[in-house]
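>>> Requesting a structural model of the entry that follows:
(one chain, ligands or ions: 1)
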Amino acid sequence: MSKLVLANLKMYQSTKESVDDYINKLKEVKDKFIVFPSTIYLEKFIQNNFTCGVQNASVHNPGPYTSEVSIHSLKNMGIKYVLLGHSEVRQNMAEDDELINRKIKQAINNNLKVILCIGESLEAYNQSQTKIILKSQIEKALKDISEEVIISYEPVWAIGSGKTPTNNEIEDITKYIKSLFDYDVKVLYGGSVSDENINTLNEIPNIDGFLIGKAAIDPSSLMKIIEVAEK
Ligand code: 13P
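Down below sits the predicted model:
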């Protein structure tokens, strides 16, 4: 069954030319993945009919919030998805579960689909605390929310490190996450997914897709990942 492929371009792209080149190279497969570009390049992707999401958004309604981007403006631009709770945002922007919960509500009220990112630190992983951490993140982020979201399991220690959990570990965690929901929640895996390990990761039977960072910057790597995930 074909899986979801999400490309989180983070803050990697920094020239108009590199974005144009990226769009040109991926035009033909644009219907096969969802792209989360830097906010300033969103318009370019939308003009080229890519399905787009954003990497974060403001919790506030439009108003006096210098530097923030409202979900309302994103929705009006044609954005369909929002990543919330990414570990880089939790760390670098000090977002906690309570703020993430409010942002999820704001996104749902504006009909954006939410991808909630969760994951344990290396310390928690080494102490076998993964499930406890994930359950707590899910319960707090989704407090008083019954609408469906997508979960992306991204161990903090696997992001950008070239390391991944074993297939058995990801399968077990995915099963556990699914057991916490009363609907058929989609669970993605993210963290050092590449064109080299995608064949292995794609064998995990219960995973619904992949959230890819660094490898998604290279169009040929992303195309290979898409090709495998389609099988
Ligand atoms: P990498 O694929 O670079 O490890 O990043 C994963 C990620 O953070 C996706 O959101």
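>>> going forward, measure contacts between C-alpha atoms and count neighbours the same way
Will do.
>>> Could you pull out the strands in this structure for me?
4-8, 34-36, 51-54, 81-84, 113-118, 150-153, 186-190, 209-212 (DSSP state E).
>>> Any chance of these in a markdown table with mean neighbour count as columns?
Converted to a markdown table, the strands of the chain look like this (neighbours: other Cα atoms under 10 Å):
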| stretch | mean neighbour count |
| --- | --- |
| strand 4-8 | 22 |
| strand 34-36 | 23 |
| strand 51-54 | 23 |
| strand 81-84 | 24 |
| strand 113-118 | 24 |
| strand 150-153 | 23 |
| strand 186-190 | 24 |
| strand 209-212 | 24 |
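>>> What parts of the chain come near the ligand?
Applying Cα under 6 Å from any ligand atom, we find that the chain lies next to the ligand at 8, 159, 160, 190, 191, 192, 193, 211, 212, 213, 214, 215.
>>> Looking at these, which is nearest residue 134?
Top of the list for closeness to residue 134, among those and by Cα to Cα, is residue 190 at 14.3 Å.
>>> which residues does the closest one bridge with?
For residue 190, the beta-bridge partners are residue 211 (DSSP bridges).
>>> and it, what does it touch?
If a contact means Cα atoms under 8 Å, 6 or more residues apart in numbering, then residue 190 has 152, 153, 154, 155, 159, 210, 211, 212, 213 as its contacts.
>>> And the closest residue in space to residue 22 that isn't next to it in sequence, how far from residue 211?
Ranked by Cα to Cα, 6 or more residues apart in numbering and with sequence neighbours excluded, the top spatial neighbour of residue 22 is residue 219, at 6.5 Å. Going from residue 219 to residue 211 by Cα to Cα, to the nearest Å gives 15 Å.
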